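> Sequence and predicted structure are below.
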Amino acid sequence: MRIAMMQMAMTEDMERNLQVSYEAVKEAAGVDLLFFPEVQHMPFLPQYTADELPDYLLDPDDPRVTAFYDLARQAHCMVSPNLYLQYRGQAYDTSLFIDEKGNLLGKSAMVHVTSAPQFYELDYYTPSPDGFRVYDTSFGKIGVVICFDRHLPESIRTCAAMGAELVLIPTANLTTEPLDLFEWEIRVQAYQNNVFIAMCNRVGREGDVTFAGQSLVVDSEGQTLFKAGGEAGLVYCDIDLEKCKASRQARPYITLRRPEFYR
């Protein structure tokens, strides 16, 4: 299975950001899966506090959103864009999961939302009402965990317990954050949960922050298979999800869980 990640440098021009996204799907034709960084169509506004929601909020039925369905079908590639969407009367940081036939398999919204300096996300996002989703695909089961969610071990563990063999993480990691620690965080969780994990990051300077890139892919043995630099553009990695089965036979952590004792 070949996956692609689009490291993007966003501008304030939503239409331009979307066009870059559309072109990435066309360029990635022939790969099996393409996904994007967090809220790929807008500047990272959560670095600032907010009293009202910005104009970048989109409806799931907006033609600019559903355009990804046709593009996925034309490219014959699974596509997972991450967008700032409004539905159920609330605003969510949401990843769509679209199969290679252009069918929307579902929406995954950020589950754990908090606020911290340069990440005032409670001003923008509503926590998911549905929890984590795992999607059945022709290559295996794929889950989505969005940015901050990964810091809570229950997030990737829940996807793994639902059968996920690959977990996608659209993110917004800064150059000032402990990136080495973040990589180890992903490696340890991949090992403990017998899953592949791919994390796609933004790049470039926006306001007071600089995004680091360094998108990465880790296998079910906790080994980093690929790590990108800090430049914008498509990056690729070949993975074999069959390796998850061997990892789970060797280390059956999920089946040994005793959740009745957990608090």
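Sure thing, it's come through.
> Mind telling me which residue is nearest the centre of this structure?
In the chain, the residue lying closest to the centroid (Cα atoms, centre = their mean) is Pro170, at 2.5 Å.
> nearest residue to it other than its sequence neighbours?
In space, and not counting its chain neighbours, Pro170 is closest to Asn82: 4.0 Å by Cβ to Cβ, 6 or more residues apart in numbering. Bear in mind the C-beta positions are built from the backbone N, C-alpha and C, glycine included.
> Contacts only, for the one you found.
By Cβ atoms under 8 Å, 6 or more residues apart in numbering, the contact list for Asn82 reads Phe35, Phe36, Pro37, Glu38, Val39, Gln40, Asp93, Thr94, Ser95, Leu96, Ile146, Pro170.
> Would you agree the residue nearest to the centre of the chain is in contact with Cys200?
Yes. Counting by Cβ atoms under 8 Å, Pro170 touches Cys200, with 5.6 Å between them.
> ok so, going back, now the contacts of Asn82 in TSV, with secondary structure and pLDDT?
Conversion of the contacts of Asn82 to TSV gives the following (DSSP: H, G, I helix; E, B strand; the rest coil; pLDDT from 0 to 100):
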residue	secondary structure	pLDDT
Phe35	strand	98
Phe36	coil	98
Pro37	coil	98
Glu38	coil	98
Val39	coil	98
Gln40	coil	98
Asp93	strand	98
Thr94	strand	98
Ser95	strand	98
Leu96	strand	98
Ile146	coil	98
Pro170	strand	98
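> circling back: overlap in contacts, Pro170 and Cys200.
Phe35, Phe36, Pro37.
> export these to a markdown table and tack on distance to Ala160 and neighbour count?
Shown next, in a markdown table, are these (distance: Cβ to Cβ, whole Å; neighbours: other Cβ atoms under 10 Å):
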| residue | distance to Ala160 | neighbour count |
| --- | --- | --- |
| Phe35 | 18 | 27 |
| Phe36 | 23 | 27 |
| Pro37 | 23 | 28 |
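> All set now, cheers.
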